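**Q** Could you look at this predicted model? Sequence included:
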Amino acid sequence: MMNEEIPDLTAFDEAALDRAFAALRRQAEDAAATLGLPQAVEGFRLQWLGRKQGRLNEISSRWLKSAPAEAKKAIGQRFNGLKAEVERLLEQASGAGPSDAALSAEALDITLPGTRRLTGAEHPITRTMNEIVGVFAALGYSVGVGPEVETDFYNFESMNFPPGHPARDTQDTLVIANQDRKPLRDRLLLRTHTSPVQMRTMERQPPPVRIVIPGKVHRNDSADATHSPIFHQVEGLCVDTNIAFSDLKGTLDHAMKALFGPSVKTRFFPSFFPFTEPSADVQISCIFCGGKGCRKCKQSGWIELLGCGMVDPAVFAFAAQKQPAYDAKKISGFAFGMGVERIAMMKYGISEIGSFYSGDMRFLGQFV
Ligand SMILES: [Zn+2]
């Protein structure tokens, strides 16, 4: 590091002055080239520009003041040049500001259109599921959740599908491997419906119960335009004293009108589900043709949309093992379930179920 003495000027001709100032300029440049830390930059500033001990100050007082009158102008010009150079070096080292060239290279044309960032939005399945849940939340239902990897007991047995019962074959099940040594009721599978959450909820709380259960379910189905091995359901359960089939009809009629519009009609047909008795399939008047008959409703004017029924006393008997208040002689209830994809496809006019899962932004972007 330089801290060389500033020599006295001995000659005052142009060439001698140029040499003397060039030497000082080199010293300043050499010193500036090694600067890095802010303290070092400050040291450089004090060394050259300091008011009392700075080298420029010393040059000014020793060279300029002691010079013969005719040389003062030439020294003054060179001194100003050196001072500007030192200030430039200092500015560069302290990063006070980039050069004009650097600035113009990075210049931003603020009149150009910006980069548009996509705003996130709910997936149509999530949105439909939330809409359905919202309809029932307004009726006082809360949301129940449970695991997707279930035991045979919760998925089937407690829902009144006894071992070996043919109803099990209607839900082609994906089971977890290597569990042959476990008792059947403890074997794990991917839940085929959201119904096990009915039992899990009843085991946790005595009646009354009013829950909706949105969730993902799995079946060993091959995919086609309207089927997927993974899909979503919203299930509902209402248990209380004096719950009648008319409550079920009124609740679902209201829910369908809330989802599809006040002009939608519902009708109920006898059906079978192991966990409800009696059971019914629910049809709504075709939302595409208003019931006149079209391709979507196969000219019938009606579309089958969900299953439901009064909770089977056998299901209450399983719940009563942990919560004795589920006494089928004192309480009653209804349950219903619907496929979220099917409803979303109807609401948004989607013909391929696979569109929901492909992650294709051209499809998903329509729902933003
Ligand atoms: Zn129709």
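**A** Sure thing, it's come through. Numbers count the residues shown, from 1 in each chain.
**Q** If you average pLDDT per helix and strand, which one of the protein comes out bottom?
**A** Within the chain, no helix or strand scores below helix 100-105, which has a mean of 75 by mean pLDDT, DSSP states H and E.
**Q** could you say what helices and strands the helix or strand encompassing Phe153 packs with?
**A** Under the criterion of DSSP states H and E, Phe153 resides in helix 152-155. Applying 3 or more Cβ pairs under 8 Å, 6 or more residues apart in numbering; DSSP states H and E, one finds that helix 152-155 contacts strand 188-190, helix 196-204. Heads up, the C-betas are built off the backbone N, CA and C, glycines and all.
**Q** any idea which of the ones you listed is most buried?
**A** Mean neighbours per residue, mean count of other Cβ atoms under 10 Å, is largest over those for helix 196-204, with a mean of 22.
**Q** returning to that earlier point: distance from the chain centre to the very next helix or strand once past the least confident helix or strand of the chain, please.
**A** Next along the chain after helix 100-105, taking DSSP H and E as the criterion, comes helix 124-137. Computed by Cα atoms, centre = their mean, to the nearest Å, the chain-centroid distance of helix 124-137 equals 18 Å.
**Q** Just want the most central residue of the chain.
**A** Residue closest to the mean C-alpha point of the chain, counted by Cα atoms, centre = their mean, is Gly120 at 7.5 Å.
**Q** May I see the helices and strands packed on helix 152-155 organised as JSON lines, with mean pLDDT and distance to Tyr154 added?
**A** Below are the helices and strands packed on helix 152-155 laid out as JSON lines (pLDDT from 0 to 100; distance: least, Cβ to Cβ, whole Å):
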{"stretch": "strand 188-190", "mean pLDDT": "95", "distance to Tyr154": "10"}
{"stretch": "helix 196-204", "mean pLDDT": "97", "distance to Tyr154": "4"}
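**Q** The ion is nearest to which of those?
**A** Smallest distance to the ion across these (Cβ to the ion): 32.8 Å, for helix 196-204.
**Q** What residue in the stretch 101-250 of the chain comes nearest to the ion?
**A** In the stretch 101-250 of the chain, the residue that lies nearest the ion is Thr226 (16.4 Å; Cβ to the ion).
**Q** Show the pLDDT at the nearest residue to that residue once chain neighbours are set aside.
**A** In space, and not counting its chain neighbours, Thr226 is closest to Ile353: 5.5 Å by Cβ to Cβ, 6 or more residues apart in numbering. pLDDT, Ile353: 94.
**Q** Contact residues of the stretch 201-350 of the chain facing the ion?
**A** Neighbours of the ion within the stretch 201-350 of the chain, by Cβ under 5 Å from the ion: 286, 288-289, 294, 296-297.
**Q** I would like a ChimeraX command selecting only the buried ones among these, please.
**A** Remark: buried members of those, expressed as a ChimeraX selection using 16 or more other Cβ atoms under 10 Å:
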select :286,297
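**Q** and the helix or strand where Glu29 lies, what does it pack onto?
**A** Using DSSP H and E, Glu29 sits within helix 14-33. Packed against helix 14-33, as judged by 3+ Cβ pairs under 8 Å, 6+ apart, are the following elements: helix 38-49, helix 69-94.
**Q** got these as JSON lines, with mean pLDDT and distance to Asp172 columns?
**A** What follows is those, written out as JSON lines (pLDDT from 0 to 100; distance: least, Cβ to Cβ, whole Å):
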{"stretch": "helix 38-49", "mean pLDDT": "83", "distance to Asp172": "71"}
{"stretch": "helix 69-94", "mean pLDDT": "86", "distance to Asp172": "73"}
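**Q** Mean neighbour count and distance to Gln233 for those helices - can I get that in JSON lines?
**A** Converted to JSON lines, those look like this (neighbours: other Cβ atoms under 10 Å; distance: least, Cβ to Cβ, whole Å):
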{"stretch": "helix 38-49", "mean neighbour count": "16", "distance to Gln233": "64"}
{"stretch": "helix 69-94", "mean neighbour count": "15", "distance to Gln233": "66"}
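**Q** Of these, which is nearest Arg168?
**A** helix 38-49 (75.5 Å; Cβ to Cβ).
**Q** hey, C-alpha coordinates of the closest one in CSV?
**A** Extracted in CSV, the C-alpha atoms of helix 38-49 (Å, rounded to 0.1, in the frame of the first residue of the first chain):
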residue,chain,number,x,y,z
PRO,A,38,-16.1,-0.5,3.0
GLN,A,39,-13.5,0.4,5.7
ALA,A,40,-10.8,0.3,3.1
VAL,A,41,-12.8,2.6,0.8
GLU,A,42,-13.2,5.0,3.7
GLY,A,43,-9.4,4.8,4.3
PHE,A,44,-8.7,5.6,0.7
ARG,A,45,-11.1,8.6,0.9
LEU,A,46,-9.3,10.0,4.0
GLN,A,47,-5.9,9.3,2.5
TRP,A,48,-6.6,11.3,-0.6
LEU,A,49,-9.5,13.7,0.1
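**Q** I am finished for the moment; much appreciated.
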